[in-house]
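**Q** Just need the structure, nothing else, for what follows:
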Amino acid sequence: MGTFDPAKGWVQVAKLLTEVVSRLDQQHIEHLVWVLCEVVSRAGHPEKRDAIRRHLMEDK
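**A** A predicted model of the protein is given here:
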């Protein structure tokens with residue numbers, strides 16, 4: 001596994017995810033957000049889980 005480098009790899013992954021998510025229906029988006037929130041919560045970051053939900057699911 002590569003080194004964490006926000007200026008390179010993670011930015012590219014974010015772009016790819018944005019493209020994939022833009023093609024999903026609402027049900028699949030909600031499931032993807034739920035899975036992401038579960039991982040973040042299990043890693044011990046419930047406040048970040050809540051922020052992800054707010055940012056990605058507001059007005060949905």
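
**Q** following the lengthiest helix in the chain, which helix or strand comes up?
**A** Looking across the chain with DSSP state H, the single longest helix is helix 26-42. Past helix 26-42, heading to the C-terminal end, the next element that is a helix or strand (DSSP states H and E) is helix 46-57.

**Q** Just the buried residues of that following helix, please?
**A** 49, 52, 53 (16 or more other Cβ atoms under 10 Å). From N, CA and C alone the C-beta is placed, and that goes for glycine too.

**Q** from the chain's centre, how far out does stretch 29-46 sit?
**A** Taking Cα atoms, centre = their mean, to the nearest Å, one finds stretch 29-46 lying 8 Å from the centre of the chain it belongs to.

**Q** Kindly export that stretch (C-alpha atoms) in PDB.
**A** What follows is stretch 29-46 as a C-alpha-only set of coordinates in PDB (Å, rounded to 0.1, in the frame of the first residue of the first chain):
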ATOM      1  CA  ILE A  29     -25.700   7.000  -2.900                       C
ATOM      2  CA  GLU A  30     -27.400   6.600   0.500                       C
ATOM      3  CA  HIS A  31     -26.000   3.100   0.900                       C
ATOM      4  CA  LEU A  32     -22.500   4.200   0.000                       C
ATOM      5  CA  VAL A  33     -22.700   7.100   2.500                       C
ATOM      6  CA  TRP A  34     -24.000   4.600   5.200                       C
ATOM      7  CA  VAL A  35     -21.000   2.300   4.500                       C
ATOM      8  CA  LEU A  36     -18.500   5.100   4.700                       C
ATOM      9  CA  CYS A  37     -20.100   6.400   7.900                       C
ATOM     10  CA  GLU A  38     -19.900   2.900   9.500                       C
ATOM     11  CA  VAL A  39     -16.200   2.600   8.700                       C
ATOM     12  CA  VAL A  40     -15.500   6.100  10.100                       C
ATOM     13  CA  SER A  41     -17.600   5.400  13.200                       C
ATOM     14  CA  ARG A  42     -15.900   2.000  13.800                       C
ATOM     15  CA  ALA A  43     -12.500   3.700  13.500                       C
ATOM     16  CA  GLY A  44     -13.500   5.800  16.600                       C
ATOM     17  CA  HIS A  45     -14.600   9.100  14.900                       C
ATOM     18  CA  PRO A  46     -18.400   9.500  15.500                       C
END
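
**Q** Thanks a lot, see you next time.
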